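1. sequence isn't available, so here's the structure alone:
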């Protein structure tokens, strides 16, 4: 353990022991100790996204990093996609394409608190982008990051159906509206 993590664990342990001692001595309610330990501690696969999303009262450092990642990704998608050469059968970027790029990138900001929403929003944005027959690019990688977040935060029996539906939406939309190869 690193020094800071060990110090934080020691503080939580001391707070917990003080709360138990207070409860046994007839002191008032110590539920604030349990709530604080639960909210501040990392959780693993037990619905962490939804529980922590509504149980926390302030933004954490990881929330700020997710917002920064979403903004950086949205801007990067626009900059990179603008530099991609457009094939004959592809449409040039317009307001709808830019909106899809920005929405897909920004949806990643929700990936820890609401991973299912991030997957649905990013997949929908990529499906609309694909249906518009815009040039390919890094936008098709965004739902994969959301898939990783859903798989890491939910049990397999709940994540597989959600990932399957989101993936099928992107793939079927791409196949139905494929104007580049002339098959759609």
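-> Right, received. Where do you want to start? Quick caveat: nothing in here was measured; it's all calculated off a predicted structure.
2. looks like residue 118 contacts residue 147 (just checking).
-> No - Residue 118 is beyond contact range of residue 147, at 9.7 Å (criterion: CB atoms under 8 Å). For every residue, glycine as well, the C-beta is placed using N, CA and C.
3. who's more crowded, the two?
-> Between residue 118 and residue 147, counting by other CB atoms under 10 Å, residue 118 is the more crowded of the two (28 against 20).
4. so which strand or helix has that one?
-> Using DSSP states H and E, residue 118 falls within helix 115-131.
5. can you list the buried residues in that helix?
-> Under the neighbour-count criterion of 16 or more other CB atoms under 10 Å, helix 115-131 has 115-131 buried.
6. what's the answer for stretch 94-107, then?
-> Buried residues in stretch 94-107, counted by 16+ other CB under 10 Å: 97, 98, 100, 101, 102, 103, 104, 105, 106, 107.
7. what does the pLDDT read for the closest residue in space to the second one that isn't next to it in sequence?
-> In other words, residue 98. With CB to CB, 6 or more residues apart in numbering as the criterion, residue 98 has its nearest non-adjacent residue at 6.4 Å, and that residue is residue 78. On the pLDDT scale, residue 78 is placed at 93.
8. report the contact partners of residue 78.
-> 98, 101, 102, 105 (CB atoms under 8 Å, 6 or more residues apart in numbering).
9. right, and the helix or strand after the host helix or strand of it?
-> Per DSSP H and E: residue 78 is located in helix 61-82. Using DSSP H and E, the next helix or strand after helix 61-82 towards the C-terminus is helix 95-106.
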